[in-house]
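1. Next input, structure requested:
(one chain, ligands or ions: 1)
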Amino acid sequence: MIDHALELPMPPPYDMITMFPGFSVPPRLSTLEPDSPYDMRVAFYTGATTAISMEAHKTSAIIQDAHVFDVDPRSGFMPPEEPLSRLPSAWEPWEEVLDAAVAAKIQLGDKVGLSEKEKRSSESWRARVRQLPVLSTSELGPSHIVLRRAHIVLTYIMHFYVQSLPPHGQVVIPRSISLPVLRVSALLDIPPLLTFSDTVLYNWTHRRPSEAKIPTINNLRTKTMFSGLIDEEEFYLCSARIELRGVEALELMRVTMDEIFIGDQTAVRRISKHLQTMATVVQELKVLLMDVRRECRPDPYYNEVRPWFRGEDSDMEHRKWVFEGLDEDPSLKKPTEISGPSAGQSSMIHVLDVFLGVDHQSSSPPGERSFMSRMQSYMPKRHRLFLDHLASNPRPLRAFVMSSADQALHEAYNLAVVALKEFRDAHMIIATLYILGPARRAAKLAQDSARKREPLRGTGGTDLVTFLKDTRNRTTETIIP
Ligand code: HEM
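-> Numbers count the residues shown, from 1 in each chain. Predicted coordinates for the structure are as follows:
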């Protein structure tokens, strides 16, 4: 059921691209991107002027290919304009059933002390979901704007459905939801579960009316939530603020790569300066991360927000999720990526790793994808391509620094890597505060409940303590001695 018209071209190899300065904004862009509401696309690392001699048709093909990353010079991986807030009327039944879940305050199926009334209320909501017709998805595309809203609505409904079920029964996602969610996910080429892009990137509006369409750190509000708690909103917005503050790092990467291309002494001096600034930006990302403590309380987050995110691989009873109707449509594949949303899917942090040369793959068993690489398959396809593109850079920063004898350059590079390592130190503090602490307290309170036996896993399904230490250690190992 994949619409091949939506298949994106692979980014061009680096040796075909100039690295002249400037985010490129080709005038023909609106015709290149029929689904784009945006008037700007980033041709990251490509020359606006494409100043190498090439036949005209080749040049335009490169520009065309290079403009598919959906990275905006003002808002980075977040869209520069407010995402669609409601689907067109043909799909209103989905929006209504989602509104109904929120209005009925549907509770988690394994909530300690769940009342009979709450059980009845969620069962009657689930019955309503089962009665929905299987709405066609063929008219949702080709616009990714509409498809993204469809993914948000369907996956929130699906997680409401699955996580409100009694904790010991089967998990069967009714075909009214499973078929459209599988189809929409195939069109977007992302897994049929809630992802970071659903909860953060495409799930915001302006807090106060704003002339500027661009999202800003202090003027965001979350649109769709499970609990409606401020703790949930702040959890999402913390990540959104990191995405936005990180935009400066993207710009610094671009100018650094331009300088690497030139590679003379002046370039080395400038790169050192850019890396020092980048270290400051990453330090600010750490501050924004720690600021999550202002309005997101650990216990409500752990007990009332986080359980909604669980994917199949975080199921405490190891139940398999059955996507009803999967066999009816031969074009659909059984989902293999089944983790819930994790900020491990934030392209911003991945981009810092790739740019600085932090290698998460090397410690994985041969032939096995690292968690970080797996998380890339949950990112919007164009962001994924952007990371691939960056990773295939033939002039990587770390190798450039290592090949240089310039002391100041080495120090500046290490400063940026240390800032990222300190971000991960802070992240471990946050994970302890928001998961390990509340888990211990919840286990004490719920002597016999299923929660007591919950393994300490991230929503991405990792053994979180070992995993977070590993990513931190790999960052430390990147420092050049
Ligand atoms: C209350 C806030 C947070 C908690 C409790 C938390 C918890 C976790 C956990 C448990 C993992 C392990 C992977 C998994 O299985 O999901 C993880 C991974 C990760 N998280 Fe967070 N996280 C929080 C906020 C953030 C924010 C705001 C960011 C940045 C956008 C972030 C970035 C990452 C990254 C990049 C990973 C992959 C591992 C790494 O790079 O070190 N997290 N997080």
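
2. Roughly how far does the closest residue in space to residue 146 that isn't next to it in sequence sit from residue 148?
-> Nearest residue to residue 146 in three dimensions, chain neighbours excluded: residue 140, at 5.3 Å (C-beta to C-beta, 6 or more residues apart in numbering). In this view, the C-beta of every residue, glycine as well, is placed from N, C-alpha and C. Relative to residue 148, residue 140 is positioned 10 Å away (C-beta to C-beta, to the nearest Å).

3. circling back: can you tell me whether I have it right that the residue nearest to residue 146 is in a helix?
-> No. Inclusion of residue 140 in a helix is not indicated when DSSP: H, G, I helix; E, B strand; the rest coil is applied; the result is coil.

4. Residue 147 is in contact with that one, correct?
-> Yes. Using C-beta atoms under 8 Å, residue 140 is in contact with residue 147, at 5.5 Å.

5. residues shared between the contacts of those two?
-> Taking C-beta atoms under 8 Å, 6 or more residues apart in numbering as the contact rule, residue 140 and residue 147 both touch 184, 187.

6. All the strands of the stretch 151-300 of the chain, in order from the start?
-> 171-173, 204-206, 220-222 (DSSP state E, counting those that start in this stretch).

7. Which strands or helices does the second one pack on?
-> Counting contacts by 3 or more C-beta pairs under 8 Å, 6 or more residues apart in numbering; DSSP states H and E, strand 204-206 is packed against strand 220-222.

8. before we move on, what about the last one?
-> Here strand 220-222 is seen to pack against strand 204-206, helix 230-245 when contacts are counted using 3+ C-beta pairs under 8 Å, 6+ apart.

9. Parallel or antiparallel, which strands does that strand pair with?
-> In the sheet containing strand 220-222, its partner strands are strand 204-206 (antiparallel), by DSSP bridges.

10. Also the first one?
-> Strand 171-173 has the following strand partners under DSSP bridges: strand 321-323 (parallel).

11. Buried residues in the partner strand, which are they?
-> Of the residues in strand 321-323, those buried by neighbour count under the rule 16 or more other C-beta atoms under 10 Å are 321, 323.

12. Just give me how far that strand sits from the chain centre.
-> Taking the mean C-alpha point of strand 321-323 and that of its whole chain, the gap between them comes to 23 Å (C-alpha atoms, centre = their mean, to the nearest Å).

13. cool, and stretch 256-268?
-> 31 Å.

14. So for it, mean pLDDT?
-> Stretch 256-268 shows an average pLDDT of 96 in the prediction.

15. so what's residue 111 up against?
-> When contacts are counted by C-beta under 8 Å, 6+ apart, residue 111 is found next to residue 118.

16. Quick check: it is in a strand.
-> No. Remark: residue 111 does not belong to a strand; assigned using three-state DSSP, it is coil.

17. Export the helices and strands packed on strand 220-222 as CSV, with columns for mean pLDDT, distance to the ligand and mean neighbour count.
-> What follows is the helices and strands packed on strand 220-222, written out as CSV (pLDDT from 0 to 100; distance: least, C-beta to the nearest ligand atom, whole Å; neighbours: other C-beta atoms under 10 Å):
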stretch, mean pLDDT, distance to the ligand, mean neighbour count
strand 204-206, 97, 14, 18
helix 230-245, 98, 4, 22
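
18. got TSV for the ones you listed, with distance to residue 191 too?
-> Putting the helices and strands packed on strand 220-222 into TSV (distance: least, C-beta to C-beta, whole Å) gives the following:
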stretch	distance to residue 191
strand 204-206	22
helix 230-245	18
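
19. can you list the residues of the stretch 151-300 of the chain near the ligand?
-> On the criterion C-beta under 6 Å from any ligand atom, the ligand has as its neighbours in the stretch 151-300 of the chain the residues 235, 238-239, 242, 289, 292.

20. one more time with 5 Å
-> Contact residues, the stretch 151-300 of the chain versus the ligand (C-beta under 5 Å from any ligand atom): 238-239, 242.

21. so which of these comes closest to residue 339?
-> Of all those, the one sitting nearest residue 339 is residue 239; the distance, using C-beta to C-beta, is 16.3 Å.

22. wait, that closest one sits on residue 196?
-> Yes. Applying C-beta under 8 Å as the test, residue 239 and residue 196 come out as touching, 7.2 Å apart.

23. residues shared between the contacts of those two?
-> Common contacts of residue 239 and residue 196, defined by C-beta under 8 Å, 6+ apart, comprise 343, 346.

24. Using the three-state scheme, assign residue 378.
-> Counting by three-state DSSP, the backbone at residue 378 sits in coil.

25. Neighbours of it, how many?
-> Number of residues near residue 378 (other C-beta atoms under 10 Å) recorded here: 24.

26. Kindly provide the distance from it to the ligand.
-> Residue 378 sits 11 Å away from the ligand, going by C-beta to the nearest ligand atom, to the nearest Å.

27. Could you pull up the residues touching that residue?
-> Contact partners of residue 378, counting by C-beta under 8 Å, 6+ apart, are 190-191, 195-197, 337, 339, 341, 345.

28. try 7 Å this time
-> Applying C-beta atoms under 7 Å, 6 or more residues apart in numbering, one finds that residue 378 lies in contact with 190-191, 195-196, 337, 345.

29. Give me the pLDDT value at it.
-> 98.

30. go on, residue 383?
-> Reported pLDDT at residue 383 in the predicted model: 95.

31. how near is it to residue 433?
-> For residue 383, the distance to residue 433 under the criterion C-beta to C-beta works out to 29 Å.

32. Then residue 476?
-> Distance from residue 476 to residue 433, counting by C-beta to C-beta: 22 Å.

33. cool, residue 225 as well?
-> Separation of residue 225 from residue 433 (C-beta to C-beta): 21 Å.

34. do the same with residue 179
-> Between residue 179 and residue 433 the distance, using C-beta to C-beta, works out to 40 Å.

35. Between the two, point out the one with more neighbours.
-> More crowded of residue 179 and residue 433, by other C-beta under 10 Å: residue 179, with 24 against 17.
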